[in-house]
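>>> Sequence below, structure please.
(chains A and B)
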Amino acid sequence: EAQVTQNPRYLITVTGKKLTVTCSQNMNHEYMSWYRQDPGLGLRQIYYSMNVEVTDKGDVPEGYKVSRKEKRNFPLILESPSPNQTSLYFCASSLSGQVIYNSPLHFGNGTRLTVT
Amino acid sequence: QQPVQSPQAVILREGEDAVINCSSSKALYSVHWYRQKHGEAPVFLMILLKGGEQKGHEKISASFNEKKQQSSLYLTASQLSYSGTYFCGTKALNNAGNMLTFGGGTRLMVKP
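Purely as a prediction, here's the structure:
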């Protein structure tokens, strides 16, 4: 089944304790992205990757890191989480990020992170 | 800058119609529409490209007015299954790699 898989689904941690949220897709998509969702603010892009070893900042990258060493995986790293990073996080992938393709985003099931 | 969606919330009776609007301050290449049910991931509905085309998905259709940088989502004869939050995502003409910038969402509740 074609899907985007995120883990974990729920995570409660304390301020400053490094964590990683994993994301994997099995559709051979070139483009992957991380979003955070907060009430009233919709989905805001954190980082995206056009292809392996190519990553770039989105609208709200502060406090986050990513890597794209393999095509299928795009982990989100919080080196020193803070309470303002408490949010619902979504990973998404698309066939391509290039304008001419206009391919839709496929979302994972989300990770609800609480930082105390 | 995020596109602005209106209304923020709407309550319908089954069978009624609704329109959700999405407005951007940037020149747009395309508009995407997604629906998110409570506790689930957003699901793709349709893409509209500049050129004013209109698309449909079941009894849901949309239009894109590139001169006004606006898109509207039309839900006809709403069903209970239409309940959820609708997001528009816009792709600006000068912003190829950033993919989509999403609006704040419109919560739709359809009651029996």
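
>>> and the longest strand seen in chain A, anywhere near chain B?
If you go by DSSP state E, chain A has its longest strand at strand A:42-51. Yes. Using Cβ under 8 Å from any Cβ of the partner chain, a contact is recorded between strand A:42-51 and chain B, made by A:G42, A:L43, A:R44, A:Q45, A:Y48, A:M50. Glycine gets a C-beta too; all of them are placed from N, C-alpha and C.

>>> other SSEs contacting that strand?
Counting contacts by 3 or more Cβ pairs under 8 Å, 6 or more residues apart in numbering or on different chains; DSSP states H and E, strand A:42-51 packs against strand A:31-38, strand A:54-57, strand A:65-66, strand B:84-92, strand B:101-102.

>>> re earlier: neighbour-wise, which of the residues of strand A:42-51 next to chain B leads?
The residue in these with the most neighbours, by other Cβ atoms under 10 Å in any protein chain shown, is A:L43 (28 neighbours).

>>> That one reaches A:S33, doesn't it?
No. The pair A:L43 and A:S33 does not pass the contact test of Cβ atoms under 8 Å, sitting 9.7 Å apart.

>>> before we move on, back to that, need the helices and strands packed on strand A:42-51 in TSV (columns: mean pLDDT, mean neighbour count and distance to A:Q98).
Formatted as TSV, the helices and strands packed on strand A:42-51 follow (pLDDT from 0 to 100; neighbours: other Cβ atoms under 10 Å in any protein chain shown; distance: least, Cβ to Cβ, whole Å):
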stretch	mean pLDDT	mean neighbour count	distance to A:Q98
strand A:31-38	95	24	8
strand A:54-57	92	15	12
strand A:65-66	98	18	20
strand B:84-92	92	24	11
strand B:101-102	90	24	17
